[in-house]
Structures are given as C-alpha cells and as structure tokens.
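Colleague: this one's structure only:
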C-alpha cells in the first residue's frame, strides 16, 4: 500500500533494488581501476538471472568493462546463461565438496581455496 501511494501521490518511481543498493554503496566509484569483481549468492538459479544481486553487479561491472566471477553454494543455471548475464566464471562450493553437510561445515576452507585460485 505505501509503495503504491508513493508512486501515485508523491510522484515516486519504481527502481530495481539492486540499482538502489549499488548507488548507495558507490559501486561505480569502486569499479574504477578494478581488475575483477567477485560476487556471490547461496544458489545461482533462474531467479539470479532476473534481477537478483549477482546479475545486477555483473551488469554494472560489464558496463564498466570489468570481468565478473561468481562464488556460490550451488549453481543451477548453465555457464552460457551466466556468461550472457556477464558472469565470466562460477565457482560452486558443491562442485568442490559434493556432500551438502560437509560443504556447510567446511564453507570457510572451501571459500579460501576458491579465493586462492582467483589470485
């Protein structure tokens, strides 16, 4: 109700949440001089490609000519779909450790291993 009232009475405009977040954190300024952007999410899935944070981050980075790598718990979309969204590589924890319980228990070590490979 409040959002609709703001749109009709106050002249507000609709914007994707990721646009607002990227603007608030000065993401464009942080891209200047960046060699790589790493983004992540618990699961990269069909919803990711339709406006969730990693897709918004990838779009902004692509516009600035900065490559993007995603780190996630699991990946449920194809590499081609991710590439079309601007994500060059994806590293899923479940690809390194197929047991979900161990993956959760050892997430820190798995993430450190992925991070070391990105350098």
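Modeller: All right, it came through fine. Because the structure is a prediction, the values reported are computed rather than measured.

Colleague: what sits up against the helix-or-strand element of the chain with minimal mean pLDDT?
Modeller: Considering only helices and strands, the least confidently modelled element of the chain by mean pLDDT, DSSP states H and E is helix 2-9, at a mean of 79. By Cβ atoms under 8 Å, 6 or more residues apart in numbering, the list of residues contacting helix 2-9 from outside reads 12, 13, 14. C-beta here means a position set from N, CA and C on the backbone, and glycine is covered the same way.

Colleague: give me the number of residues near the nearest residue to the first one once chain neighbours are set aside?
Modeller: If you skip the residues right next to it in sequence, residue 12 has residue 6 as its closest partner in space, 3.9 Å away by Cβ to Cβ, 6 or more residues apart in numbering. Residues contacting residue 6 under the criterion other Cβ atoms under 10 Å number 13.

Colleague: before we move on, the earlier item: and the next helix or strand past the least confident helix or strand of the chain?
Modeller: Per DSSP states H and E, helix 2-9 leads on to helix 17-24 as the next helix or strand towards the C-terminus.
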